[in-house]
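>>> this one's sequence-less:
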DNA sequence: TATCCACCGGAATTTATGGAAG
DNA sequence: CTTCCATAAATTCCGGTGGATA
């Protein structure tokens, strides 16, 4: 059923970016100084999850690169410190800083490495440390593109002189309409699937996606997988079921990307169905020695567990209903086994 | 209402890690 | 090899919150 899984990847940049002409134009105009070898303009890019903010950057940059000698760094900033952001930027530009390089040395190394117009995209930049932004804005030839969800909140945390850098340099993306989403799904279905998908069915997928392209695309992929499993036509697949399957896939990927301590906490919550924080700690203590025996880590204290738990909640793997903890999705099985 | 209790999460401090310098 | 240093992660400390209870 699926002939080219690549078109369903989050990183896939389509040949044509549909229904984003205005935003592409704004961003391209901001990047224009790079055509003359100068720094691309800084742009604040804002909008809800999954509406193509990162893809918009990539797409516009690719078009720029076809006409200019420019470099690109995409940095996932969530949870990074100031030094962490600078290091990740340097990494993305091909530098190889030692893990203990002092912050100021990292800044110097970055300045040295940037020898052409460079676009630095700061993804998930809502909680970006102010220091990191300041250092990057300070590097010649660098244009900074923070991607955030809440434009007003982000601006309010900025120092005045930094805020000015983004005045009149803001690009906002909205959720797509159902018709727009169907337009976006259509070329992917043609390119990635063996059989064609009727337009009304694409619209039903779009309708489930709440205006988010990422959700719609992942749902289409699940529809195709289910159609293959059940050996039926794709439009015989229940869209709700496919959408849930898509969410499960994303959660599994998220869980797989987390380190040991998170895995243990998740396993405890998943295995218990419902439990209070107190019970979680009790069980953790009870099984910790067993679980960590042949791992290269040692059990952590309560405060650290709370931090892991917070992340699990943030990633939509665990929910807190009042005081009670529960795994959001029982289909996302833990990756470590809890002994009885 | 007053008070207790479990819990949360911010901030300061300590520890672990590993590259660099002597 | 040992010491030094910077970061990241964990621990310690603690004020604040909200629900339960007398």
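Good, I have the coordinates. Treat the numbers as computed from the prediction; the structure is a model and nothing was measured.
>>> what's the helix or strand for residue A:57?
helix A:53-65 (DSSP states H and E).
>>> Go through that helix and flag the buried ones.
A:53-61, A:64-65 (16 or more other C-beta atoms under 10 Å). Just so you know, the C-beta spots here come from the backbone N, C-alpha and C atoms, and that holds for glycine as well.
>>> Turn those residues into TSV, columns for pLDDT and distance to residue A:146.
Shown next, in TSV, are these (pLDDT from 0 to 100; distance: C-beta to C-beta, whole Å):
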residue	pLDDT	distance to residue A:146
A:53	96	10
A:54	95	12
A:55	96	16
A:56	97	13
A:57	96	11
A:58	96	15
A:59	96	18
A:60	97	15
A:61	97	15
A:64	96	18
A:65	95	21
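>>> which strands and helices sit next to the helix holding residue A:57?
helix A:21-31, strand A:44-46, strand A:71-76, strand A:118-123, strand A:142-148 (3 or more C-beta pairs under 8 Å, 6 or more residues apart in numbering; DSSP states H and E).
>>> out of those, which comes closest to residue A:311?
For residue A:311, the closest of the helices and strands packed on helix A:53-65 is strand A:71-76, at 14.3 Å, according to C-beta to C-beta.
>>> Residues contacting the closest one, please?
A:54, A:57-58, A:61, A:65, A:85, A:88-89, A:92-93, A:114, A:116-124 (C-beta atoms under 8 Å, 6 or more residues apart in numbering).
>>> Mind giving me the PyMOL command for buried ones among the residues you listed?
For the buried members of the contacts of strand A:71-76, the matching PyMOL selection, counting by 16+ other C-beta under 10 Å, is:
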select buried, chain A and resi 54+57+58+61+65+85+88+89+92+93+114+117+118+119+120+121+122+123+124
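>>> For burial, what's the neighbour tally of the residue lying closest to residue A:256 once chain neighbours are set aside?
Spatial nearest neighbour of residue A:256, excluding adjacent residues (C-beta to C-beta, 6 or more residues apart in numbering): residue A:335 at 7.0 Å. By other C-beta atoms under 10 Å, 15 other residues sit near residue A:335.
>>> Which secondary structure state does whatever residue of the stretch 151-300 of chain A ends up closest to DNA strand C sit in?
Per C-beta to the nearest atom of the strand, residue A:300 is where the stretch 151-300 of chain A lies closest to DNA strand C, at 3.7 Å. Of the three states, residue A:300 takes coil under DSSP: H, G, I helix; E, B strand; the rest coil.
>>> What does the closest residue to it other than its chain neighbours show for phi and psi?
Of all residues not flanking residue A:300 in the chain, residue A:261 sits nearest, at 5.6 Å (C-beta to C-beta, 6+ apart). The phi/psi pair for residue A:261 (degrees, to the nearest 10) reads phi -60, psi -40.
>>> wait, isn't residue A:261 in contact with residue A:298?
No - using C-beta atoms under 8 Å, residue A:261 is not in contact with residue A:298, being 9.9 Å away.
>>> Looking at the two, which is more packed in?
More crowded of residue A:261 and residue A:298, by other C-beta under 10 Å: residue A:261, with 20 against 9.
>>> Could you list every helix and strand in contact with the helix or strand where residue A:134 lies?
Secondary structure assignment for residue A:134, by DSSP H and E: helix A:130-137. Applying 3+ C-beta pairs under 8 Å, 6+ apart, one finds that helix A:130-137 makes contact with helix A:82-92, strand A:118-123, strand A:142-148, helix A:160-166.
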